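Engineer: 3D model of this:
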Amino acid sequence: MADYKSNLYPGANYGLDSEYAKDNGFSDMGTGYRFAPSTFALATDPRTANQIKAVTDKLNTGAKSIEITGIQTKVLEAIPDQHLKELNRLKKLTGVDLTLHGPIVEASGIDPQNQRFEESDRMGAERQMWSAVERGQRLDPDGNIIVVFHSSAALPDLEQPFINKPGEKPEVAQMWVVNERDGKMGAIKPKENFMLNEKPNVSVELKRLNDENWTQSLSSLNFQVRQGKQAIREAFEKDEEGKPSQMFEYYKKMREGVDVFEGHSPVEKKNIEMGLSNLSYADSHIRESYVKLQSMFNDAWVAVKNSESDKKEEDMKKLEAYRDRVSKKVEEFKDPFKITELAEEVSKGIMTLNSLTEPPKIYKSLHGFAMDKSSETFANVAFNSYKKFEDKSPILSIENPPAGGAFSRAEDLKELIVKAREKFVQKAVEDGMSKNMAENQAKKLIGATWDVGHINMLRKFGYGDKELREQAKTIAPFVKHIHLSDNFGLEHTELPMGMGNVPMKAHLEELRKAHGDKLDKIKKVIETGDWYQHFQKTPIRETFAAFGSPIYPMQNAPYWNQAMNTSAGYFSGYGAMLPEQHFQTYGAGFSSLPQELGGQMGGKSRVSGNPME
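Structural biologist: Alright, predicted model coming up:
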């Protein structure tokens, strides 16, 4: 007797097989959860500004939720306002829910390519995001439309993690650092110190960078001023008779344009020339060291002011005392004949800097700097939105970018959201709102879009299913929106769920713990650009099957994974099934009838053509 469970056709699964839920093909993913088709959304084509057509195309698939994709700023700007209003009418007509994926801009304002930060760039990014929020509100003026922004756009992972062995804690392979005063930045990689038997540690490497940079700068400054002092001493050496040198008088006359060599012997001329040369050398060295001292003092001031050291107040008092003394002599130091006094003051400045309790941390982790700037941008956009639209303000949903980008891990995304909410509350309270109301609004208006495909790319850095579950657990309470795409953890490919190794069951279990039944209402956007590109078909059927969604509104059997398993197909790839050319060639069916009778053959009519055979 034949085994009824056997596949009847290569590539097919048998839908009545009781083990189907354990299969990872065209069965559900074994998540234990079934979601109604209405909870899934399709993303529109991001390459076109004709979003009316793009939305209509998605409506033709039967989708109940659609995410308008405006990730390219130029394309988003090319959508006329009239179209946004028309899309709102279409939404009301069809009952479809709309969300908006805003432009991918770097919220921190940091330009990693040129390795610099400008506040004007951050403000520019804020204005672009604010424009997207305003336009999103036009799509749904009566509700709280979700507008998605990436947590970062251009920045790499600022503290790039890796796992050597499964179960180990992530280590930092590379850290980006920044000089907060001048905005210069770069990357450091931890190295093993064989002499001190120290293992690679990025925190140790950062401390070493700061210590060595500060020590070398002080040493260079000290050497320069000592050279200047030595030149002054040589210029003012006593003559052979023990009388004080007249070099200063010669120097003064020379600066006034007087010929100081007139009336002197060749030997005297040579001595005068040498002395003046030493004074000129001393002047340039000491004044250059004075400028360098100012730069180091300013760096120290910023570093100590932002320090969390217990000795912060003590160090600030030292810096303030020196500043107060020097500020009274600024005009005096402009006098070219006060070069000796200036040299002494520079030496005192070096002593002040050298007396600080610890070398100032000139370079800091760029992570914290970027986090501060990005959270400020998101908080400002959310606050301005609430000020203008109040209870109908759009929701800012911050998405984790592909792993390898800044703030792509759950702990970083959580920190960004928490800081943005805190800054929103601060702004709102200062504006007169009660703290309790401000906190509620911050929680409502700022949350996370969790892209399960993006976070799965942490597999490149040694993360496994256990670590990915922890990522989902960390971010789950903040999630307002979900992006669905599958991959194998190495490249940013976008396949329908169930076709890669995204541990969707773990994600859903952690999200269910955080949201309970509300998880059913969170929109899940299908993002499958690669699927569209290669297979030229909608991923709806494959997604419904992966989640075991019910076919009928009653939310009971049969389910999409069962229906798909009753026929073969190898997903797609054979091309059109039963193409019309077959019927035209072999004469089967009605396709050879004239078009007016429902056939496919052009040029024929009911009273002409080949006789029937």
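Engineer: Dead centre of the protein: give me the residue that sits there.
Structural biologist: Ranked by distance to the mean C-alpha position of the chain (Cα atoms, centre = their mean), the top residue is Ser152 at 1.5 Å.
Engineer: In three-state terms, how would that residue be classified?
Structural biologist: coil (DSSP: H, G, I helix; E, B strand; the rest coil).
Engineer: what's the closest non-adjacent residue to it?
Structural biologist: Ala406 (3.8 Å; Cβ to Cβ, 6 or more residues apart in numbering). Quick note: C-beta positions are derived from backbone N, CA and C, even for glycine.
Engineer: what about the one you found, distance to Val75?
Structural biologist: For Ala406, the distance to Val75 (Cβ to Cβ, to the nearest Å) stands at 24 Å.
Engineer: Check Ala420 too.
Structural biologist: 26 Å.
Engineer: now do Ile475
Structural biologist: 29 Å.
Engineer: Counting neighbours, which bits of the helix or strand containing Thr543 end up buried?
Structural biologist: Using DSSP states H and E, Thr543 sits within helix 540-546. By 16 or more other Cβ atoms under 10 Å, the buried positions in helix 540-546 come out as Ile540, Arg541, Glu542, Thr543, Phe544, Ala545, Ala546.
Engineer: Include pLDDT and distance to Glu430 when you put the residues you listed into CSV, please.
Structural biologist: Formatted as CSV, the buried residues of helix 540-546 follow (pLDDT from 0 to 100; distance: Cβ to Cβ, whole Å):
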residue, pLDDT, distance to Glu430
Ile540, 89, 47
Arg541, 87, 52
Glu542, 89, 50
Thr543, 91, 45
Phe544, 90, 48
Ala545, 87, 52
Ala546, 89, 48
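Engineer: out of the residues you listed, which one sits closest to Arg116?
Structural biologist: Thr543 (42.7 Å; Cβ to Cβ).
Engineer: That closest one and Met497 touch, don't they?
Structural biologist: Yes. Between Thr543 and Met497 a contact is recorded at 5.8 Å, counting by Cβ atoms under 8 Å.
Engineer: Mutual contacts of these two, please.
Structural biologist: Common neighbours of Thr543 and Met497 are listed as Leu484 (criterion: Cβ atoms under 8 Å, 6 or more residues apart in numbering).
Engineer: about what we covered before: neighbour-wise, which of Ala406 and Val75 wins?
Structural biologist: More neighbours surround Ala406 than the other of Ala406 and Val75, with 30 against 18 (other Cβ atoms under 10 Å).
Engineer: Show the model's pLDDT score for the more buried one.
Structural biologist: In this model, Ala406 is scored at 94, pLDDT.
Engineer: Which residue ranges make up each domain of this protein?
Structural biologist: 31-155+370-564, 202-361, 581-613 (automatic domain parsing).
Engineer: got CSV for those, with distance to Lys169 too?
Structural biologist: Converted to CSV, those look like this (distance: least, Cβ to Cβ, whole Å):
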stretch, distance to Lys169
domain 31-155+370-564, 10
domain 202-361, 13
domain 581-613, 60
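Engineer: Out of those, which gets the lowest mean score?
Structural biologist: Among the domains of the chain, domain 581-613 scores lowest, with a mean of 53.
Engineer: Go ahead and produce PDB holding the CA coordinates of stretch 400-409.
Structural biologist: In PDB, the C-alpha atoms belonging to stretch 400-409 read as follows (Å, rounded to 0.1, in the frame of the first residue of the first chain):
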ATOM      1  CA  ASN A 400      17.100  49.100  13.400                       C
ATOM      2  CA  PRO A 401      19.100  49.300  10.100                       C
ATOM      3  CA  PRO A 402      21.000  46.300   8.700                       C
ATOM      4  CA  ALA A 403      23.400  44.900  11.200                       C
ATOM      5  CA  GLY A 404      26.800  46.600  10.800                       C
ATOM      6  CA  GLY A 405      25.200  50.100  10.900                       C
ATOM      7  CA  ALA A 406      25.100  52.300  13.900                       C
ATOM      8  CA  PHE A 407      22.400  51.600  16.500                       C
ATOM      9  CA  SER A 408      21.400  48.400  14.700                       C
ATOM     10  CA  ARG A 409      21.400  46.200  17.800                       C
END
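Engineer: mind checking how far stretch 406-425 is from the chain centre?
Structural biologist: Offset of stretch 406-425 from its chain centre (Cα atoms, centre = their mean, to the nearest Å): 11 Å.
Engineer: Please enumerate the strands of the stretch 451-600 of the chain.
Structural biologist: Assigned by DSSP state E, counting those that start in this stretch, the stretch 451-600 of the chain shows strands spanning 479-484, 524-526.
Engineer: Using TSV, lay out those strands together with mean neighbour count.
Structural biologist: Shown next, in TSV, are the strands of the stretch 451-600 of the chain (neighbours: other Cβ atoms under 10 Å):
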stretch	mean neighbour count
strand 479-484	24
strand 524-526	23
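Engineer: Point out the most buried one among the domains of the chain.
Structural biologist: domain 31-155+370-564 (a mean of 19; mean count of other Cβ atoms under 10 Å).
Engineer: helices or strands up against the longest strand seen in the chain?
Structural biologist: Of all the elements of type strand in the chain, the one with the most residues (DSSP state E) is strand 171-179. Counting by 3 or more Cβ pairs under 8 Å, 6 or more residues apart in numbering; DSSP states H and E, the packing neighbours recorded for strand 171-179 are strand 159-162, strand 185-188, helix 202-235, strand 363-365, helix 366-389.
Engineer: repeat that with 6 Å
Structural biologist: If you count contacts as 3 or more Cβ pairs under 6 Å, 6 or more residues apart in numbering; DSSP states H and E, strand 171-179 packs onto strand 159-162, strand 185-188, strand 363-365, helix 366-389.
Engineer: quick one: which of these is nearest Arg47?
Structural biologist: Closest to Arg47 of the helices and strands packed on strand 171-179 is helix 366-389 (Cβ to Cβ; 25.4 Å).
Engineer: In contact with Ile145, which residues?
Structural biologist: By Cβ atoms under 6 Å, 6 or more residues apart in numbering, the contact list for Ile145 reads Gly136, Leu139, Pro394.
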